[in-house]
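**Student:** One predicted model, sequence on top.
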Amino acid sequence: MNKLPPTIHLQQTSKFLKLCHWFQIGAHVLSGVCTLSFVFPFLKRPHKDQKIQLWSKRLLKIFNIHLSIQGDQLLMDSPYLMASNHISWIDIHVINAFKPIRFVAKSEVEGWPVFGWMAKQLGTVFIRRDSSRHARQVVGQMAKVLQTESICIFPEGTSTVGECVLPFRPNLFEAAIVSRAPVFPLAIQYISKSTGERSEAPAFVGDMGLLESMANILSARDLQATLTVLPPYEHDLESSFDRKQLAAHAQELIAKTI
C-alpha cells in the first residue's frame, strides 16, 4: 500500500482541521441565533448576560484566542461608559467574554448577514457616522441606557491594525456627561503568544470582508487578546468639564498602554 508523501499528508490534515474549524463556527453561530430567537425573550438581563458571556467565551475558544484581563478591579457595579480602541469585529466578543455590555456600532454592522441581526438582538445602538443629527439622537438614547446599563463605544470611528490610536471623536462622550456616568478607557491588544509581539491577524481594515478576517484569525491559532481597564477621568465635582476632555483623556491613556 502506497503512503502519501509527508508534505501532502500535512496539507490534507491542515485542510481537514480548517474545515472542522469552519464547521464549529457555523454551528456556534447557529446556536447563538436559536438562543436569541427562542430563549432570550424569556430571560431577565442577568441571565441574558450569562448567555452572552458563555457564547463569547466559546467563540474565542474556537479561534484559539486566550483572554487576559488587567485592571478589572477598577470597574464598578453602577453603569459606566467604556471607551475602547478598535481593531476588529471580534473586539465585541472579546469584551463580552470579559464582561457583557451594550455597544454602539456603525450602521453598516446592522446590514451584516447573521451577525448584524445578532447585534441588533443584543441591544446594540447603531449610528450613522456621516450624520451629526443622528449622532445627537444616539447620544440621547445612550444617556437613557446609561441610567441602568453600561455602554461601550469605539470613538476612533473605524478599526485599525492596533499599532496606534486614532483621534477620538468626542460626540458620544456627551452621553456620559448628561447621565453623570464615569468613563473608563479600555485598551485592546492582540499578541502572538509564540513571538510575544503585536499581531495584525485580527485587524479588520480597509475593504476586508468578514469571512476573510475570520480566515486570518483562524490561521494564526496563537493569539492572546489583552484587555486593560484604565482609570476614569478625575475631576472636581464643583468644576465643569466637557466631552473633549473626556475623549482626550481616554485616547491618551490607551495610546500610552498599547
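**Tutor:** On my side now, so go ahead. Residues are numbered from 1 along each chain as shown.
**Student:** and the gap between K48 and D72?
**Tutor:** From K48 across to D72, the span is 21 Å (Cβ to Cβ, to the nearest Å). Using the backbone N, CA and C atoms, a C-beta is placed for each residue, glycine as well.
**Student:** ah, wrong one, I meant K193
**Tutor:** Distance from K193 to D72, by Cβ to Cβ: 21 Å.
**Student:** more neighbours, these two?
**Tutor:** It is K193, of K193 and D72, that has more neighbours when counted by other Cβ atoms under 10 Å, with 14 against 11.
**Student:** Next, count neighbours for the nearest residue to that one once chain neighbours are set aside.
**Tutor:** Excluding its sequence neighbours, the residue lying closest to K193 (Cβ to Cβ, 6 or more residues apart in numbering) is D222, at 4.6 Å. Using other Cβ under 10 Å, the number of residues around D222 comes to 14.
**Student:** With A247 instead?
**Tutor:** 23.
**Student:** same for the longest strand seen in the chain, what does it pack against?
**Tutor:** The single longest strand within the chain, with elements called by DSSP state E, is strand 183-192. Counting contacts by 3 or more Cβ pairs under 8 Å, 6 or more residues apart in numbering; DSSP states H and E, strand 183-192 is packed against strand 81-84, helix 91-98, strand 223-229, helix 243-257.
**Student:** closest one to P182 among those?
**Tutor:** Nearest to P182 among the helices and strands packed on strand 183-192 is strand 81-84 (7.3 Å), distances taken as Cβ to Cβ.
**Student:** and the closest one, how far out from the chain's middle?
**Tutor:** Mean-position distance between strand 81-84 and its chain equals 11 Å (Cα atoms, centre = their mean, to the nearest Å).
**Student:** Show the model's pLDDT score for the spatially most central residue of the chain.
**Tutor:** Nearest to the geometric centre of the chain sits I92, at 2.0 Å (Cα atoms, centre = their mean). pLDDT for I92: 94.
**Student:** Isn't it up against F103?
**Tutor:** Yes: between I92 and F103 there is a contact at 5.9 Å, judged by Cβ atoms under 8 Å.
**Student:** Tabulate the CA atom coordinates of whatever helix or strand comes next after the longest strand of the chain in PDB.
**Tutor:** Following strand 183-192 in sequence order, the next helix or strand is helix 210-220 (DSSP states H and E). Extracted C-alpha coordinates of helix 210-220, given in PDB (Å, rounded to 0.1, in the frame of the first residue of the first chain):
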ATOM      1  CA  LEU A 210     -15.800  39.300   7.400                       C
ATOM      2  CA  LEU A 211     -15.000  35.800   6.100                       C
ATOM      3  CA  GLU A 212     -11.500  36.900   5.100                       C
ATOM      4  CA  SER A 213     -10.900  38.300   8.600                       C
ATOM      5  CA  MET A 214     -12.200  35.100  10.200                       C
ATOM      6  CA  ALA A 215      -9.800  33.100   8.000                       C
ATOM      7  CA  ASN A 216      -6.900  35.300   9.100                       C
ATOM      8  CA  ILE A 217      -7.700  34.700  12.700                       C
ATOM      9  CA  LEU A 218      -8.100  31.000  12.200                       C
ATOM     10  CA  SER A 219      -4.700  30.800  10.500                       C
ATOM     11  CA  ALA A 220      -3.000  32.500  13.400                       C
END
